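# Take this sequence and fold it.
(2 chains)
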Amino acid sequence: MLEIVMCEDNTELLNIYKLIVNNEIIANQFPGDLILATSNPTDVLELLEQTPDPENSRLYILDIEFSDSLVKGLDLGMAIRKADTTAKIVFITTHDELAPTIFRYKVEPLDMIEKDRGIKHIEQELIKDMHLARERQIHPSDDQTDYFIISDRARVRRVPVFEIDYFTTGDSAIHKVVLHATNTVIEFRDTLKRISMALPQFYRLDKQTLLNTKRIASVDMATDRIVFVDGSELIGSKQTIKLLHQALQDMKH
Amino acid sequence: MVDYGSLTLTVIDGITIGFFYLILFGQSKTIRTSWNLGVALVSIPIVMYADYWWFSASIFLLALTYAGLFRVNQRPGIYTFMNYVRAMLANLVIVNIVGVLTQVIFKRANLTTAAYNKLFVVINTLLFALVLALGYALVRWINHRVRPRLARYIDDWTERVFLNLLSGLLLLFILLRQMFDWFGIAIEQWGLIIFWMAIVVTVGLLLVMAVVSTHLASVTREHQAQQLAANEHYVQQLEHSYEKLRAFKHDNQNLLVGLYAMAQKNDVAKIEQTLDQLIETDTTTVSDTRVDQIHDSAIHGLIVAKMMAAQQDHVDFDVETNMVIKSLAAQAVTVNRLLGIFLDNAIEAAAESSDKKVNVALIEVDQTLEIIIENSYAADQPIELDRLATMGYSTKGDNRGVGLASASELLAQNDAIFAEFQVKPTRFTVILTIELNDAI
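Got it, this is the predicted structure:
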């Protein structure tokens, strides 16, 4: 059962969206339930407060600007994302308000539908998104994956542990750690000590490096280089490379 | 009969030269090549011998050795002469401190240097090592605690000029002292020497200030000229947009009048057709870039300048911001430098791609400013993330990466700005997270 929430301050449009959704549920037996359809975004915020972690992830259909309210679509989207990391969010908006980059990075919406292209277009996209949301609900991509979580004031990031190559740190007075994964490099505030406690299977190469032995492709003792499965390289000192090599041999037995 | 006095001095001299090389090689990994080490080893006995004849020969000979025979980054040492100056300076300071300390110890213990030569050498060496270690700890402390704080107010260039000039002056001072010793000028004349040195130092400092302010003035002028051009360009674009908006409004009015007429005639079919047409009108000709929301004048100016640069390279440059971006205060200088570097890279990479797109987004939430820079890049120029993160890396020949090397350095020394890089199949993204109002 996919719970659906919608918020649109133009009552005519709100009715049209309600019609589209209910039609799909009744006529095509879509397993959904429209639990809230309102023109006031604070109603959605209240719903979030009362039921913050629903068993099924919800589908939220939102407008971007609410003329009678101080709450903006972006704030609403970010609040929903913060409260429910698996919520599917769809924005319906005019082309001018799109600001795709911001929405993509801060809210990660399922889709953004352009109002300007007509009711037919909205109907098509909405139905498509309802089915897509349902698909994602039944087959969530993150079943058994182990994630390393980075959270700061701005947002929460999850990186699958099996994609992390290594962590490095620089000046000890600046408490920054850098995560190196296949296609991502992330700087964040932390210490290698705490990370190695969270990820005990990682190997502490030296004072500034913590690496994922499972991602090592080869260790070259001649050039003191560690090569990972995705091609990234790390250089160590003769001493630490030797110890690493030894540790890897021990792990095999 | 072996002249123990001379022998001791020679041994101490050798140790001093050894410690000089220790400091020199300890400064940077690039100096530690086998060629340089070989040159160093060979030079030690030669310099020791020269010192036997003229006590201060080592300073000049070592300078010549470093400048002429050393190879740093495939170039003769003369190009990186400050390495020598720093090492020699540190060495001389330590030598003098150790010399004084040794004499104090021996006086207190009522020993004479003649009778206990081996002891003299041992104590001298130990003191040398001790003072060197303490000096190293002091330098590290300054680098870790003091410099990051200063970095917010003094930029790299000023810092380097100041330190280099200061080191040069100090070295000159010590050299002069050695030369006066050699010429036999007595201690009584110290007052005169100090007086002249004070004048030299003051003149030196004034020179530094003059050089720095001239440099700053020329940089500011250049910057202002660029900014003016960019602002003009921006205003032109705004005026252009406004013209288009007026035209659009005019057309809209006409359509509405037409609709009214159709409504009066009850011509529903025509009304529907006209409304459809209205909805499908492409309004993308009006720019949705919201640069006006950025209230920090430095960032606003920078973005406007980059917009112009992007246009010249036929790159589509979009700026989004949903909130009013306030002034940055504490982190302003660093953020502007980082932003400049990453925007330049983004535009350069996008210009080489087929999509030619750069998206910039600024979001301020919860005392944190996030800047997202996303650009398209050419498929045949893949980005190697691990090298990007550690050094100045660029796919296009040697010097382009310099900007990124500076960015890495800036990020490494700042604990309120965090960077994130993402490589996707057709897009490369840099996300800067800046914590505002951090308590110093």
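
# from here on, contacts and neighbour counts on C-alpha atoms
Will do.

# So which bits of chain B are right by chain A?
When proximity is defined by CA under 8 Å from any CA of the partner chain, chain B lies next to chain A at B:144-145, B:276, B:279-280, B:284, B:288, B:320-322, B:359-363, B:365-366, B:368, B:370, B:372, B:384-386, B:389, B:412-415, B:418-424, B:433.

# Now, of these, which are buried?
Among those, those buried by neighbour count (16 or more other CA atoms under 10 Å in any protein chain shown) are B:144, B:288, B:320-322, B:359-363, B:368, B:370, B:372, B:384-386, B:389, B:412-415, B:418-423, B:433.

# what about the strands in the stretch 101-250 of chain A?
A:111-114, A:147-151, A:156-160, A:164-169, A:176-181, A:184-189, A:203-206, A:209-211, A:216-220, A:225-228, A:233-235 (DSSP state E, counting those that start in this stretch).

# what comes into contact with the first one?
In this case it means strand A:111-114. Defining contact as CA atoms under 8 Å, 6 or more residues apart in numbering or on different chains, one finds that strand A:111-114 is touched by A:89-95, A:98, A:122, A:125, A:129.

# For A:L110, give me its contacts.
Applying CA under 8 Å, 6+ apart, the residues near A:L110 are A:88-90, A:129, A:133.

# Tell me which of those residues fall in helices.
Assigned to helices by DSSP state H, the following of those qualify: A:129, A:133.

# Below-threshold pLDDT in chain A: ranges please.
Per-residue confidence for chain A (pLDDT under 70) gives these ranges: A:53-56, A:68-70, A:95-99, A:140-144, A:153-154.

# Near chain B, which residues of it? Just list them.
Counting by CA under 8 Å from any CA, chain A sits next to chain B at A:96-97, A:99, A:101-102, A:116-118, A:153-154, A:170-171, A:173-176, A:180, A:182-189, A:232-233.

# How far does stretch B:72-81 sit from its chain's centre?
Mean-position distance between stretch B:72-81 and its chain equals 20 Å (CA atoms, centre = their mean, to the nearest Å).

# Quick one: end-to-end length of that stretch, please.
Between the start and the finish of stretch B:72-81 there is a gap of 10 Å, counting by CA to CA, to the nearest Å.

# For it, which residues meet the burial criterion?
Those buried within stretch B:72-81 under the rule 16+ other CA under 10 Å are B:72, B:77-78, B:80.

# follow-up on the earlier one: and the strands of the stretch 101-250 of chain A as JSON lines, adding distance to B:Y377?
Shown next, in JSON lines, are the strands of the stretch 101-250 of chain A (distance: least, CA to CA, whole Å):
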{"stretch": "strand A:111-114", "distance to B:Y377": "24"}
{"stretch": "strand A:147-151", "distance to B:Y377": "28"}
{"stretch": "strand A:156-160", "distance to B:Y377": "24"}
{"stretch": "strand A:164-169", "distance to B:Y377": "24"}
{"stretch": "strand A:176-181", "distance to B:Y377": "20"}
{"stretch": "strand A:184-189", "distance to B:Y377": "16"}
{"stretch": "strand A:203-206", "distance to B:Y377": "34"}
{"stretch": "strand A:209-211", "distance to B:Y377": "30"}
{"stretch": "strand A:216-220", "distance to B:Y377": "28"}
{"stretch": "strand A:225-228", "distance to B:Y377": "24"}
{"stretch": "strand A:233-235", "distance to B:Y377": "23"}
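
# Put together a markdown table for these, with mean neighbour count and distance to B:L127 on each row.
A markdown table is the format used below for those (neighbours: other CA atoms under 10 Å in any protein chain shown; distance: least, CA to CA, whole Å):
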| stretch | mean neighbour count | distance to B:L127 |
| --- | --- | --- |
| strand A:111-114 | 20 | 71 |
| strand A:147-151 | 14 | 48 |
| strand A:156-160 | 13 | 52 |
| strand A:164-169 | 22 | 34 |
| strand A:176-181 | 23 | 37 |
| strand A:184-189 | 20 | 40 |
| strand A:203-206 | 18 | 31 |
| strand A:209-211 | 21 | 35 |
| strand A:216-220 | 16 | 41 |
| strand A:225-228 | 19 | 38 |
| strand A:233-235 | 16 | 35 |
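
# Skipping adjacent residues, who's closest to B:Q178 in space?
B:S56 (6.7 Å; CA to CA, 6 or more residues apart in numbering or on different chains).

# how many neighbours does the one you found have?
B:S56 is flanked by 17 other residues according to other CA atoms under 10 Å in any protein chain shown.

# Quick check on it: phi, psi?
The phi and psi values for B:S56, taken as degrees, to the nearest 10, are phi -100, psi 10.

# now A:R58
phi -100, psi 160.

# Please apply the same query to the one 3 residues further on.
Recorded main-chain torsions at A:I61 are phi -110, psi 110, according to degrees, to the nearest 10.

# what's next to stretch B:259-269, contact-wise?
In contact with stretch B:259-269 (CA under 8 Å, 6+ apart) are residues B:270-271, B:274.

# Return the member of the residues you listed nearest to A:I164.
Distance ranking of the contacts of stretch B:259-269 against A:I164, using CA to CA, places B:T274 first at 56.4 Å.

# Wasn't the closest one part of a helix?
Yes: using DSSP: H, G, I helix; E, B strand; the rest coil, the assignment for B:T274 is a helix.

# one step back: CSV please, covering the contacts of strand A:111-114 and showing neighbour count.
Below are these laid out as CSV (neighbours: other CA atoms under 10 Å in any protein chain shown):
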residue, neighbour count
A:I89, 25
A:V90, 25
A:F91, 25
A:I92, 25
A:T93, 19
A:T94, 16
A:H95, 18
A:L98, 18
A:I122, 19
A:E125, 17
A:D129, 21
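
# So which of the residues you listed are in strands?
When strands are assigned by DSSP state E, the members of the contacts of strand A:111-114 inside them are A:89-93.

# and A:I127, what does it touch?
Applying CA under 8 Å, 6+ apart, one finds that A:I127 lies in contact with A:20-21, A:24.

# Buried subset of these as a PyMOL selection?
What follows is the PyMOL syntax for the buried subset of the contacts of A:I127, where burial is set by 16+ other CA under 10 Å:
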select buried, chain A and resi 20+21+24
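
# got the contact list for the closest residue to chain A within the stretch 51-200 of chain B?
Residue of the stretch 51-200 of chain B nearest chain A, by CA to the nearest CA: B:H144 (6.1 Å). Residues in contact with B:H144 (CA under 8 Å, 6+ apart) are A:171, A:173.

# now the end-to-end length of stretch B:109-128.
19 Å.

# can you give me how far it is from the chain middle?
Going by CA atoms, centre = their mean, where stretch B:109-128 is centred and where its chain is centred differ by 45 Å.

# try stretch A:236-247
Relative to its chain's centre, stretch A:236-247 lies at 36 Å (CA atoms, centre = their mean).

# where along the stretch 301-440 of chain B do the strands fall?
Under DSSP E, counting those that start in this stretch, the stretch 301-440 of chain B gives strands at B:316-321, B:357-365, B:368-376, B:417-423, B:427-435.

# Where do the domain boundaries of chain A fall?
A:2-138, A:147-252 (automatic domain parsing).

# Could you tell me the end-to-end distance of the first one?
The one in question is domain A:2-138. End-to-end distance of domain A:2-138 (CA to CA): 10 Å.

# same check, this time on the last one
Distance between the two ends of domain A:147-252: 25 Å, counting by CA to CA.
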